[in-house]
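Student: pasting the structure only:
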């Protein structure tokens with residue numbers, strides 16, 4: 001059996017299973033850094049499970065964002081955003097005849113940086129500081145992300161005497177067109193917390209950042 005036939009049969013099987021177990025799902029394909037979910041790309045059915053065998057024995061685990069999608073949506077690629085009920089996911093990886101790997105999101109973030117940070121992002125290798133809030137320039141808004149406690153990274157800036165050292169955090173976010181995430185950029189969580197990026201690594205899966213939560 002050739003690869004194309006196997007992919008076609010597998011996709012048909014996923015669609016039949018999703019028709020039985022899935023819930024209404026909206027697919028978005030971001031076309032702007034400022035409105036990633038401006039208009040739906042497609043609609044279908046999908047079920048999500050942390051079990052790749054889709055036994056549905058339990059919910060997604062606490063702070064373990066990776067799940068698999070069983071869906072009848074025919075055109076999926078890494079970076080697409082899926083909303084199903086009250087939950088939002090972004091697709092990290094799509095491979096032939098395998099269910100897509102998704103990241104379950106718990107935040108909607110705005111990314112910003114100073115002119116110095118923007119200059120460094122366009123010409124990596126320099127050094128830029130985050131600056132104060134008045135000097136921040138918005139680079140992207142409305143992006144679903146997963147933020148969880150994790151290994152932090154040193155963030156440039158002054159250290160006040162007696163300041164409490166904040167715990168480290170990590171963020172998973174889709175790749176954002178026209179925006180290269182760099183140290184010293186700010187991440188504003190829609191629910192309130194604000195972070196400074198200390199390190200970021202882009203990959204075909206998306207972008208993984210190490211961050212420190214701002215105290216003031």
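Tutor: Arrived safely. Since the structure is predicted, the reported quantities are computational estimates derived from the model, not experimental observations.
Student: Going by C-alpha atoms from here, please, whenever you check contacts or count neighbours.
Tutor: Will do.
Student: Next up, identify which helix or strand the residue lying closest to residue 105 once chain neighbours are set aside is on.
Tutor: The shortest distance from residue 105 to any residue that is not its chain neighbour, by C-alpha to C-alpha, 6 or more residues apart in numbering, is 4.4 Å, and that residue is residue 146. Using DSSP states H and E, residue 146 maps to strand 137-149.
Student: Please spell out which residues along that strand are buried.
Tutor: For strand 137-149, burial by neighbour count (16 or more other C-alpha atoms under 10 Å) applies to 137, 139-148.
Student: which neighbours does it have in its sheet, and in what orientation?
Tutor: strand 107-113 (antiparallel), strand 168-173 (antiparallel) (DSSP bridges).
Student: what's in contact with the shortest one?
Tutor: Counting contacts by C-alpha atoms under 8 Å, 6 or more residues apart in numbering, the residues outside strand 168-173 that touch it are 90, 103, 143-153, 206-213.
Student: cutoff 7 Å now
Tutor: With C-alpha atoms under 7 Å, 6 or more residues apart in numbering as the contact definition, strand 168-173 has outside contacts at 144-153, 206-212.
Student: ok, now stretch 42-50?
Tutor: Judged by C-alpha under 7 Å, 6+ apart, the contacts made with stretch 42-50 from elsewhere in the structure are 18-19, 21-28, 56, 60, 66-73.
Student: Try it again at 8 Å.
Tutor: Where contact means C-alpha under 8 Å, 6+ apart, the residues beyond stretch 42-50 that reach it are 18-19, 21-28, 55-56, 58-61, 66-73, 84.
Student: buried residues in stretch 70-77?
Tutor: If you call a residue buried by 16+ other C-alpha under 10 Å, then stretch 70-77 has these buried ones: 70-73, 76.
Student: Pick the one among those residues closest to residue 37.
Tutor: Comparing the buried residues of stretch 70-77 against residue 37 with C-alpha to C-alpha places residue 76 closest, at 15.3 Å.
Student: is it true that residue 208 touches residue 183?
Tutor: No: with contacts defined as C-alpha atoms under 8 Å, residue 208 does not count as touching residue 183, sitting 12.0 Å away.
Student: The two: which has the busier surroundings?
Tutor: Of the pair residue 208 and residue 183, residue 183 is the one with more neighbours under other C-alpha atoms under 10 Å, namely 25 against 21.
Student: is it true that that one touches residue 198?
Tutor: Yes: Residue 183 is within contact range of residue 198, at 4.6 Å (criterion: C-alpha under 8 Å).
Student: Could you say which helix or strand holds residue 90?
Tutor: Judged by DSSP H and E, residue 90 forms part of strand 87-93.
Student: Quick one: list the elements packing against that strand.
Tutor: Packed against strand 87-93 by the contact rule (3 or more C-alpha pairs under 8 Å, 6 or more residues apart in numbering; DSSP states H and E) you find strand 81-84, strand 101-104, strand 137-149.
Student: what does the last one contact?
Tutor: Strand 137-149 is contacted from outside by 33-37, 63, 65, 88-90, 103-115, 167-174, 176, 179, using C-alpha under 8 Å, 6+ apart.
Student: picking up where we left off before, now that we're looking at the residue nearest to residue 105, what pLDDT does it have?
Tutor: Per-residue pLDDT puts residue 146 at 96.
Student: how much space between it and residue 181?
Tutor: Between residue 146 and residue 181 the distance, using C-alpha to C-alpha, to the nearest Å, works out to 15 Å.
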